[in-house]
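>>> next come a sequence and a model predicted from it.
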Amino acid sequence: MRNAVLQPFMRFRLAGTCGELVRVAGRDKTVGMARGTLRIFLGAATGAGTTFAMLQEARQLLADGRDVAVGIAGDHGRQDTRQLLEGLDAVAPRLVGDATGAEVPELDVAAVLARHPEVAVVDDYAHVNAPGSRNDRRWQDIEELLAAGTDVLSTLTVRHLASLQDVVAAITEEPGTETVPDGIVRRADHIELVDISPDLLRQRVAEGKIFPKDRIDAALANEFRLGNLIALREVALIWLADRVDEGLATYRESQGITATWPARERVVVGLNGGPEGEVLIRRASRILSRVNGGDLLAVHVRRADAGPAEPAQALEAQRRLVTDLGGTCHTVSGDDPADSLLDFARSVNATQIVIGASPGRLWKRILGVGVGAKVVRESGDIDVHIVSHPQASRGLPRPAPATLGRARTTAGFVLAVVLPVLLTAALSVSPKLNLATHALVHITGVMAVAFIGGLWPAVLAAVLGSLLLNYFQTDPVGTLNISDPQNVFALLVFLSAAVAVSLVVGLSARRARAATRARAEAATLADLANDALLADDTVAAFMGKVRETFQVTSAGLFTRQGDAEGQWELQAFSGDRPPSPPDAATLADSVELADPRTALVLSGRTLTAGDRLLLTAHGAHLRLLLQRHALQRTLQNTTKLAEGNSVRTALLRAVGHDLRTPLAGIKLAVTALRRQGRKLPAEVQAEMLATIESYTERLDALISNLLDMSRISSGSAAPLTGPVTWRDAIEDALRGLPADRIRVELAPNMPVVDADVGMLERVIANIVENALKYAPASDVVIVGVSGASHAAADGGTPFGELRIVDHGQGVPAAAVEGIFQPFQRLDDAPEGLGMGLGLAVAKGFTEAMGGQLLAEPTPGGGLTMVIRLPLSTGQPVSTLRREAGTSTS
């Protein structure tokens, strides 16, 4: 990038293919009209560098031999921008009087038309012209230049786009005044986004490159807050991406392309724990990278009839990869992987499914009975990608299923009827075979039936085989009578052996089924415990995990107080709506009692016996989770008591150390005045009285902080909150402090907050005093943030915000938390700076009022203390008094 040295901005150009699409869609293409081209440099906020980028482009065009003239462009007081204007031919602007009578420069459209350059530079596309101008808006002036065949370079920020005015106002809490219809902007031939990181933009503001010094702190605390800049940057990028989509839509329409291209994709990756999972995840990520946004969801279907233990290490590595790629991981259980995968995909409105090619047998692929074939067959409108991988080509060892399902049992009964008949027919070909040979062949058939169908089909095969042997092989042949006792014994041995084999096979199948079920439960509970340790261990997160594991519509936790006949109360649930209480559960609900007073209820699916065993395990985990939370609360209370004891111990030490100096000074001065008061000069007496007064004030402040800290540590600091304005609290808090070092900049629309007036005054006073002490060479600026901010930690609760800014040495990031601890001084400053209780008291009072006290580094150096308090819906007392006084007068 040729501007990389001069300007640390990134420029994204809507040009080339997509730019041509937008131009075809928006420009007037009347044959023969020599219309100029419009290039707009779009920025997310003021100071993003749009004017700088525009002038750089103008100088490049001039170097390429184009005739360039500056219609109007301001340097905004920036030296680097002023240097770019030097050497460019400029058309003198018109001076027009504004509403205040002052003369302001405006674009002289007539002069530019007369000059008729190839390229005109016209800054601020959304500018509202002064009364008496040729047009009301500057973009209308630019339209005249374009119609005359002049190419135009201009600038714009997203706050001036009409469709985004409400969005930007909600972010910055400042209404926009100058807007441009989006349809006009879309007609631009090229739109370039001049991008700059929010941190770098705040640094430029702090260095005075955008605003004068007296506006820096207010700008950083309001429009140029980090969150605001991040949001505005995202808005600009999304708006520009939407313009590309519009161009592509126009192109498809013009070319007669009817296939849809979804604006957002949701891709589900099916994982089975095999080594091919990483290939599938990366393929799904590449699919999403080709579209404008999307979600990546990886799901592992845990089967109850799984064979060998699932590779937990491989699954964990694949989950980490999904998280690194910005996706989410999920686990569901089910007997049929294809059905479970499709159910999950439909529940999250997936548009595509990515699975690996099944390493199954050839006959399964031909008949289409594999997992992949079933997913493709039943996916409906969901696109399915079957990805080939090395494991699919060479196949994986697949042990025989351990559990005997309905299909195998049915096949066993059919085989029990057919196989003895076929064996008898086959053996009848050779009449020389004796009874023992026939019995061995039939018992082999019974074993085959037992391996396929289990116990009862094998018993049926044994009984049928013994009857066939009796009828066709024992004398008299053709009847069920037996003349030789040895044949009776042989048939009984045959029947006993066949039944014994059936019992052994059935018993092994049941044990294998129980083992695999236990393994599935253990794996699920291991995932549950892992999530509790590494992620969110709240009850709400647990309920979501339960609902996801059992694929039900809702899951709820109910508790009841008192005896076993008490009423059930819902504590937490996951799903669209809570399930019914345990005493009102229907047949479609599943209830698990973790203990007599705690119940876990699932709704929306009837659970199998195996699922109920797994639900029982979840209930035990829930009981442990609740016990853990109770222990955590006990630990917090114990820790709080220990902290209170520590604070009280420190208070006693402070009484013996930090109070000694002012008491000694007062005693010395009083003693001197009593013994030698008349002999001392007047100026010495005045100095001693001043010393007494100073030490008394210091002692009063120390005792007040000690008492306040004691109240906070004991939990007895109960605020009397009510509607309060920041201005009223600040006026009283700053009394007695040096006014020449404090600057107050409050916005006119500061919101009213709920606070205890006395506590809020102490909070502000303590913070300002702390800033004055530790930043002696800096002014302290109190900045009010207009509108309401939102504390993410509180789920978006609206807060009013006040910032107290200093430009001192600041505090290292690692030491920020420590400054709020009692008896902490910066760099352990020992003398004359109090006991280190000021910020601890301020934080305690702020939190007691339901607010937050935060510390942030000041851009350019220093520390910014942020006070956040909940907004109030009432009127402050001062306002009511003023209204009462007005009505009385």
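Here it is on my side, so go on. Numbers count the residues shown, from 1 in each chain.
>>> show the low-confidence segments of the stretch 251-400 of the chain, by residue range.
Within the stretch 251-400 of the chain, the stretches with pLDDT under 70 are 251-253, 255-264, 292-293, 303-313, 359-369, 389-400.
>>> now the strands for it?
With DSSP state E, counting those that start in this stretch as the criterion, the stretch 251-400 of the chain has strands at 265-271, 294-302, 328-333, 352-356, 383-387.
>>> swap in the stretch 451-600 of the chain?
554-559, 569-575, 589-595, 598-603.
>>> for residue 132, find the nearest of the strands of the stretch 251-400 of the chain.
Of all the strands of the stretch 251-400 of the chain, it is strand 294-302 that lies closest to residue 132, at 52.3 Å by C-beta to C-beta. Just so you know, the C-beta spots here come from the backbone N, C-alpha and C atoms, and that holds for glycine as well.
>>> what's next to the closest one, contact-wise?
Contacting residues not belonging to strand 294-302 are listed as 264-273, 281, 284-285, 288, 310, 315, 318-319, 322, 325-334, 337, 340-341, 344-345, 348, 350, 520, 523-524 [C-beta atoms under 8 Å, 6 or more residues apart in numbering].
>>> picking up where we left off before, and the strands of the stretch 451-600 of the chain: which comes nearest residue 127?
Closest among the strands of the stretch 451-600 of the chain, using C-beta to C-beta: strand 569-575, at 52.7 Å.
>>> point out the other helices and strands that the closest one packs with.
helix 539-550, strand 554-559 (3 or more C-beta pairs under 8 Å, 6 or more residues apart in numbering; DSSP states H and E).
>>> to residue 692, which of these lies closest?
Nearest of those (C-beta to C-beta): helix 539-550, 60.4 Å.
>>> which residues touch the closest one?
For helix 539-550, contacts defined as C-beta under 8 Å, 6+ apart pick out 330-333, 524, 528, 531-532, 535, 553-557, 571-575, 600, 602, 605, 607, 611, 614-615, 618, 621-622, 625-626, 629.
>>> pLDDT averaged over that helix - what is it?
Taken as a whole, helix 539-550 has an average pLDDT of 79.
>>> after the least confident helix or strand in the chain by mean pLDDT, which helix or strand is next?
Sorted by mean pLDDT, DSSP states H and E, the helices and strands of the chain end with helix 16-26, the least confident at a mean of 37. The C-terminal neighbour of helix 16-26 among helices and strands, as given by DSSP states H and E, is strand 38-43.
>>> check which element follows that next one along the chain.
Where DSSP H and E defines the elements, the next helix or strand beyond strand 38-43 is helix 50-63.
>>> okay, buried residues for that following helix please.
50, 51, 52, 53, 54, 55, 56, 57, 58, 59, 61, 62 (16 or more other C-beta atoms under 10 Å).
>>> now do stretch 178-194
178-180, 184-194.
>>> what number of residues lie near residue 426?
Residues lying near residue 426 (other C-beta atoms under 10 Å) number 10.
>>> circling back: make JSON lines out of the buried residues of stretch 178-194 and add secondary structure and distance to residue 236.
Listed next are the buried residues of stretch 178-194 as JSON lines, based on DSSP: H, G, I helix; E, B strand; the rest coil; distance: C-beta to C-beta, whole Å:
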{"residue": "178", "secondary structure": "coil", "distance to residue 236": "17"}
{"residue": "179", "secondary structure": "coil", "distance to residue 236": "15"}
{"residue": "180", "secondary structure": "strand", "distance to residue 236": "14"}
{"residue": "184", "secondary structure": "helix", "distance to residue 236": "17"}
{"residue": "185", "secondary structure": "helix", "distance to residue 236": "12"}
{"residue": "186", "secondary structure": "helix", "distance to residue 236": "15"}
{"residue": "187", "secondary structure": "coil", "distance to residue 236": "19"}
{"residue": "188", "secondary structure": "coil", "distance to residue 236": "15"}
{"residue": "189", "secondary structure": "coil", "distance to residue 236": "19"}
{"residue": "190", "secondary structure": "strand", "distance to residue 236": "16"}
{"residue": "191", "secondary structure": "strand", "distance to residue 236": "10"}
{"residue": "192", "secondary structure": "strand", "distance to residue 236": "11"}
{"residue": "193", "secondary structure": "strand", "distance to residue 236": "6"}
{"residue": "194", "secondary structure": "strand", "distance to residue 236": "9"}
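>>> now do the helices in the stretch 301-450 of the chain.
With DSSP state H, counting those that start in this stretch as the criterion, the stretch 301-450 of the chain has helices at 312-324, 337-347, 362-367, 371-378, 390-394, 406-427, 435-453.
>>> redo the ones you listed as a markdown table? Include distance to residue 492.
Output for the helices of the stretch 301-450 of the chain, formatted as a markdown table (distance: least, C-beta to C-beta, whole Å):
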| stretch | distance to residue 492 |
| --- | --- |
| helix 312-324 | 51 |
| helix 337-347 | 46 |
| helix 362-367 | 40 |
| helix 371-378 | 46 |
| helix 390-394 | 50 |
| helix 406-427 | 17 |
| helix 435-453 | 11 |
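>>> of those helices, which approaches residue 732 most closely?
Using C-beta to C-beta, the helices of the stretch 301-450 of the chain put helix 312-324 closest to residue 732, at 51.0 Å.
>>> residues making contact with the closest one?
Contact with helix 312-324 is made by 269, 271, 273-275, 277-278, 281-282, 296, 298, 300, 328-329, 523, 526, as judged by C-beta under 8 Å, 6+ apart.
>>> helix/strand/coil for residue 135?
Using DSSP: H, G, I helix; E, B strand; the rest coil, the structure places residue 135 in coil.
>>> which residues does it contact?
Going by C-beta under 8 Å, 6+ apart, residue 135 touches 109, 129, 141, 144.
>>> just the residues you listed now: which is nearest residue 735?
For the contacts of residue 135, the nearest to residue 735 is residue 129 (48.2 Å; C-beta to C-beta).
>>> hmm, back to that, need the winner for burial among the helices and strands packed on strand 569-575.
Each of the helices and strands packed on strand 569-575 was scored by mean neighbour count; the highest is strand 554-559, a mean of 23, by mean count of other C-beta atoms under 10 Å.
>>> still on that earlier bit, check the contacts of residue 135 for burial and list the buried ones.
For the contacts of residue 135, buried by 16+ other C-beta under 10 Å: 109, 129, 141.
>>> my read: the first one touches residue 137, true?
So the one you mean is residue 109. No. Using C-beta atoms under 8 Å, residue 109 makes no contact with residue 137, being 12.0 Å away.
>>> circling back: of the contacts of residue 135, which pair is most distant in space?
129 and 144 (12.5 Å).
>>> check which helix or strand residue 759 maps to.
helix 757-774.
>>> can you give me the buried ones in that helix?
Neighbour counts using 16+ other C-beta under 10 Å place 757, 759-774 of helix 757-774 among the buried residues.
>>> swap in stretch 435-454?
Here stretch 435-454 shows 435, 438-439, 441-443, 445-454 as buried, counting by 16+ other C-beta under 10 Å.
>>> next: stretch 601-618.
601, 602, 603, 604, 607, 610, 611, 613, 614, 615, 617, 618.
>>> quick one: end-to-end length of it, please.
One end of stretch 601-618 sits 11 Å from the other (C-alpha to C-alpha, to the nearest Å).
>>> what's the answer for stretch 810-819, then?
By C-alpha to C-alpha, the extent of stretch 810-819 from end to end equals 11 Å.
>>> now it: average pLDDT?
For stretch 810-819, the mean pLDDT works out to 75.
>>> so how far is that stretch off the chain centroid?
27 Å (C-alpha atoms, centre = their mean, to the nearest Å).
>>> pull out the buried residues from it.
Neighbour count says stretch 810-819 has 810, 811, 819 buried, by 16+ other C-beta under 10 Å.
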